[in-house]
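In: Here is a sequence with its predicted model. Questions after.
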Amino acid sequence: MTLPIVPLANQRAIPLVSASAGFLGRVPAEQLPWVFTVGPDFASKGLPTFIKYWQAKGLKRIAVLSNQTPVFDLVKSFLDKAAPPAGLEVVGAESFPTGQPDVTPLISKVVGRDPDVLLVPHVGADVATVLKNYRNLAPRGVELTTNAATANRRFIDLVGEQAMEGVVLNGWKAMVVDDLPAND
């Protein structure tokens, strides 16, 4: 969502503060003189934190389900490289068009590959669709994980508290846990 307005911010020399950091590393820094982010990059901070968490819990088989955005490509690329050395296997990665009203068939497809974890890395209404469809299928033994952007009252109200129950979120502090003081 940030990238399309970067040229305008640069052209007008107006600071652009983005809640996302997914563009970091994909766009050369010299093209971002007026762009700032308030959160850590999910790929470089969030996914390594999830990998540590999955390893600690003995979860080894990862599936990814996301809308068709650069975030999906970024997450898939990162996991393809980082999962094998961490002793993890990506058993499926599926994407769907933004705004898809029902992703039940894709959830069935990835859950049919017997993952320990279903990672839903994007934000907004498409995550709500995945969570609601997932709850309707009620697969057993698959941990549902998503990113910190869903950890807010507005999103919880959109999906409903029952759909969010048990979802593992990667909050902002978790993404920088190694940089925090021991007493935090």
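Out: On my side now, so go ahead.
In: all strands of the protein, in order?
Out: Secondary structure of the chain by DSSP state E: the strands cover 16-18, 35-37, 61-67, 89-96, 117-120, 143-147, 168-170.
In: Now do the helices in the protein.
Out: 6-12, 47-57, 70-82, 104-111, 125-137, 153-159, 161-164, 172-175 (DSSP state H).
In: okay, the strands of the chain in CSV with mean neighbour count and distance to residue 110 next?
Out: All C-beta atoms are positioned from the backbone trio N, CA, C, and that covers glycine. Formatted as CSV, the strands of the chain follow (neighbours: other Cβ atoms under 10 Å; distance: least, Cβ to Cβ, whole Å):
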stretch, mean neighbour count, distance to residue 110
strand 16-18, 16, 29
strand 35-37, 16, 30
strand 61-67, 24, 4
strand 89-96, 18, 4
strand 117-120, 23, 6
strand 143-147, 21, 11
strand 168-170, 18, 17
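In: what about this structure, any weak spots by pLDDT?
Out: Applying pLDDT under 70 to the chain flags the ranges 1, 20-26, 39-45, 171-176.
In: Centre-most residue in the chain?
Out: The central residue of the chain, meaning the one whose C-alpha is nearest the mean C-alpha position (Cα atoms, centre = their mean), is residue 121 at 2.0 Å.
In: how much space between that one and residue 16?
Out: Counting by Cβ to Cβ, to the nearest Å, the separation of residue 121 from residue 16 is 23 Å.
In: picking that back up, could I get the strands of the chain as JSON lines with distance to residue 76?
Out: As requested, the strands of the chain are arranged in JSON lines below (distance: least, Cβ to Cβ, whole Å):
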{"stretch": "strand 16-18", "distance to residue 76": "22"}
{"stretch": "strand 35-37", "distance to residue 76": "22"}
{"stretch": "strand 61-67", "distance to residue 76": "6"}
{"stretch": "strand 89-96", "distance to residue 76": "5"}
{"stretch": "strand 117-120", "distance to residue 76": "10"}
{"stretch": "strand 143-147", "distance to residue 76": "15"}
{"stretch": "strand 168-170", "distance to residue 76": "17"}
